[in-house]
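Undergrad: Sharing a sequence plus its predicted fold:
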Amino acid sequence: MIHWFKKVAALSVVALVAACGGGDDAHPINIVETAQSDARFSILVEAVVAADLASTLSGPGPFTVLAPTNDAFAALLTELGLTKQQLLADKALLTSVLTYHVLAGKVNKADVPVGKAIKTLQGGIFKIDAVGAALRVTDGRNRTATIIVTDLATSNGVIHAIDKVLLPANKNVVQTAAELSDFSILVEAVTAADLAGTLSGTGPFTVFAPTNAAFAALLTELGLSKSALLADKALLTKVLTYHVLGAQVLKAEVPIGTPIKTLQGDTFTVSAALAIADQRGRSATIVGTDVLTSNGVIHVLDKVILPSP
């Protein structure tokens, strides 16, 4: 009799827990509901609603959302010279920016592919680097944000809070190089070789970009003036396309010690110290990495590399 009573009592407790929504079957709220419940994300929620993305982000997913805080949106408005009302009224801009913060799939902090290209729902990429104990995001315009809260669990994915709104790339390889004063000779050379159209195309490309000092050293090495080099279209084309890969390869993805084929057709190798050995036994060093563009990435070289004669 006592045994029977204990069994009935136990079943009653289980039934009560189930009726109250407890136990392992309980699920957290979805991404949109989670953001709505957190005062830090009120502007983000307004933006998601204005862009008609609430139903998408309430769907099954799973999604990963890098969620800018209200302070991050306030800083963006200042940066862009817009009011909140103007931003919320620009549906095309909102949609592009917001979907750039969303990944297809659930990516917790422990699963972040550090240093590698991360593709967004918008179509563009950003990368995340570990800087000490922090995670730093570099967007398509080479602006940086810090992930300040990680792994906010939801029923259809995960949210990470960031302190700056990310922006997708709006300049291609050629446009990006043209804005950087240390690549002025490279841009002249690309133009002289009629490669600007190609390198402004869809790509993606990886460009190992020699600095002006690197070109000056090459002129001395070859015994040429800049005007003579720019006039030799065949040589320019051969040399420049030797600096280009027909794929987007960030620093973390560079194959070390393995021949890397270029658009020109010859290969070079990269060491763990980021030294490039070219086809003539010469060496250059990658002194800057992962300048993101809309159609690829730029790495900076301290020396012009040369294909086989």
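TA: Thanks, I have the structure now.

Undergrad: per-domain residue ranges of this structure.
TA: Domain assignment for the chain, taken from automatic domain parsing, gives 24-162, 173-301.

Undergrad: Can I get stretch 59-76 as CSV, trimmed to CA atoms?
TA: The C-alpha trace of stretch 59-76 is given here as CSV (Å, rounded to 0.1, in the frame of the first residue of the first chain):
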residue,chain,number,x,y,z
GLY,A,59,11.9,30.9,-38.2
PRO,A,60,13.5,27.5,-37.5
GLY,A,61,17.0,28.6,-38.5
PRO,A,62,19.3,27.8,-36.9
PHE,A,63,21.0,31.3,-37.1
THR,A,64,23.9,33.0,-35.4
VAL,A,65,23.4,36.7,-34.9
LEU,A,66,26.1,39.2,-34.0
ALA,A,67,23.8,41.7,-32.3
PRO,A,68,24.9,45.4,-32.0
THR,A,69,23.9,47.2,-28.9
ASN,A,70,22.0,50.5,-28.7
ASP,A,71,25.3,52.3,-28.2
ALA,A,72,26.7,50.6,-31.3
PHE,A,73,23.8,51.9,-33.3
ALA,A,74,24.2,55.4,-31.9
ALA,A,75,27.8,55.4,-33.0
LEU,A,76,26.8,54.2,-36.5
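
Undergrad: ok, and what's touching it?
TA: Contacts to stretch 59-76, defined as CB atoms under 8 Å, 6 or more residues apart in numbering, come from residues 31, 35, 39-44, 47, 57, 84, 87, 101-107, 121, 137, 145, 147-148, 156-166. The way it works is simple: take the backbone N, C-alpha and C, and place the C-beta from them, glycine included.

Undergrad: go on, stretch 300-309?
TA: With CB under 8 Å, 6+ apart as the test, stretch 300-309 has contacts from 182, 208-211, 213-215, 217-218, 238-239, 242-243, 262, 264-266, 268, 276, 278-280, 282-289, 291.

Undergrad: Check stretch 115-129 too.
TA: So stretch 115-129 is contacted by 63, 96-97, 99-104, 112-114, 135-140, 147, 166, 168-169, 248, 250-253, 290, 292, 294, 297 (CB under 8 Å, 6+ apart).

Undergrad: Tell me the buried residues in it?
TA: 115, 117, 118, 120, 121, 122, 124, 125, 126, 127, 128, 129 (16 or more other CB atoms under 10 Å).

Undergrad: want to throw those residues into a markdown table with secondary structure, distance to residue 178 and pLDDT?
TA: Output for the buried residues of stretch 115-129, formatted as a markdown table (DSSP: H, G, I helix; E, B strand; the rest coil; distance: CB to CB, whole Å; pLDDT from 0 to 100):
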| residue | secondary structure | distance to residue 178 | pLDDT |
| --- | --- | --- | --- |
| 115 | coil | 27 | 97 |
| 117 | coil | 23 | 97 |
| 118 | strand | 26 | 98 |
| 120 | coil | 26 | 98 |
| 121 | coil | 29 | 97 |
| 122 | coil | 24 | 97 |
| 124 | coil | 20 | 97 |
| 125 | strand | 21 | 97 |
| 126 | strand | 22 | 98 |
| 127 | strand | 23 | 98 |
| 128 | strand | 28 | 98 |
| 129 | strand | 26 | 98 |
